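S.K.: When you get a sec, could you give me coordinates for this:
(one chain, ligands or ions: 1)
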Amino acid sequence: MAESVRTVKRQVEDCLSIDSRTMRKNGVFGDHPIGTWEWPEYESRLNYSFLDSTLTLQFSINGQTESQIVNTNTTPCNYGHHRHWFLCPGHECGKRVAKLYLVDNKFLCRHCHKLNYLIQQCRKTLVPVVNMSRIELKLNWPSGGLVPQHKRLCPPPHMHKKTFALLVSKYEEYEQQRDSWRGSLIDKLKSRL
Ligand SMILES: [Zn+2]
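M.R.: As a prediction, the model looks like this:
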C-alpha cells in the first residue's frame with residue numbers, strides 16, 4: 001500500500017530570523033548602521049547596512065551570495081522612543097512585523113512563508129484525541145485512549161456488526177494519527193534539549 005503524504009507546515013522555530021527589537025537594542029538603526037549580524041548557535045552570519053530606513057542584508061547560502069533589501073518604519077512608543085518595524089518584502093505583503101524568517105534564501109514574514117508555531121502543531125494532536133473520546137462514549141468503552149484489544153472485538157448489544165467495525169477502524173485511524181503526531185512532536189522537543 002502506498003504511504004500517504006501529509007504536508008507539514010514549516011515551523012518558526014526551525015528558521016533563522018531577524019528581530020527588529022533585538023536589532024534596535026544592538027544599535028543597527030542607530031550607532032552601528034553597518035556590521036555583521038550573527039547566530040552563533042547556527043554558525044551563521046550576515047552583513048547588514050542601514051541607511052534611510054532601508055536595511056540591506058547580504059549573506060551567502062551554499063556559496064551563493066544573496067542580498068535583500070528590507071524597508072523599515074517606526075511607530076512612537078513611551079518616553080519619546082520609537083519602535084522599529086520591518087515592512088515584509090514579500091510580494092504584495094508589506095506587513096509591518098517585528099520578525100522576518102529566512103526560508104528559501106529570503107527573509108519574509110511568517111505569513112508569507114506559511115510558517116506555523118509549534119503550539120499549533122500541539123493542538124493538532126488533540127483533534128484525534130477528541131474524535132477518539134467520541135467513539136469511546138458511543139461504544140461505552142473506557143475513556144482516555146486505552147481501550148483493551150478484547151473490547152475492540154465485541155460489538156455492544158443492538159449495534160450492527162458493520163457499524164461497529166467501521167467505528168473500530170475509525171478509532172484505530174485516530175489512534176495512529178495521535179501516536180505519529182505525538183512521536184514527531186517529542187522528537188522535535190528532544191532535538192531542542
Ligand atoms: Zn509577508
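S.K.: And the strands in the chain?
M.R.: Using DSSP state E, the strands of the chain run over 10-11, 16-19, 34-39, 44-51, 54-61, 64-76, 82-87, 96-97, 99-103, 106-108, 115-116.
S.K.: Tell me which of those strands sits nearest to the ion.
M.R.: Distances from the ion to each of the strands of the chain were compared using Cβ to the ion; the shortest belongs to strand 106-108, at 5.0 Å. No exception for glycine: its C-beta is placed from N, CA and C like everyone else's.
S.K.: domains for the protein, by residue range?
M.R.: Residue ranges for the domains of the chain, per automatic domain parsing: 10-116, 118-188.
S.K.: Quick one: distance of the lengthiest helix in the chain to the chain centre.
M.R.: Counting residues, the longest helix found in the chain (DSSP state H) is helix 161-191. Shown here is helix 161-191, whose average C-alpha point lies 21 Å from the average C-alpha point of the whole chain (Cα atoms, centre = their mean, to the nearest Å).
S.K.: Could you do stretch 143-151 as well?
M.R.: The gap between where stretch 143-151 is centred and where its chain is centred comes out at 33 Å by Cα atoms, centre = their mean.
S.K.: same question for that stretch, mean pLDDT?
M.R.: With pLDDT averaged residue by residue, stretch 143-151 scores 87.
S.K.: which residues touch it?
M.R.: The list of residues contacting stretch 143-151 from outside it, by Cβ atoms under 8 Å, 6 or more residues apart in numbering, reads 129, 132-133, 136-137, 139, 141-142, 171, 175, 178.
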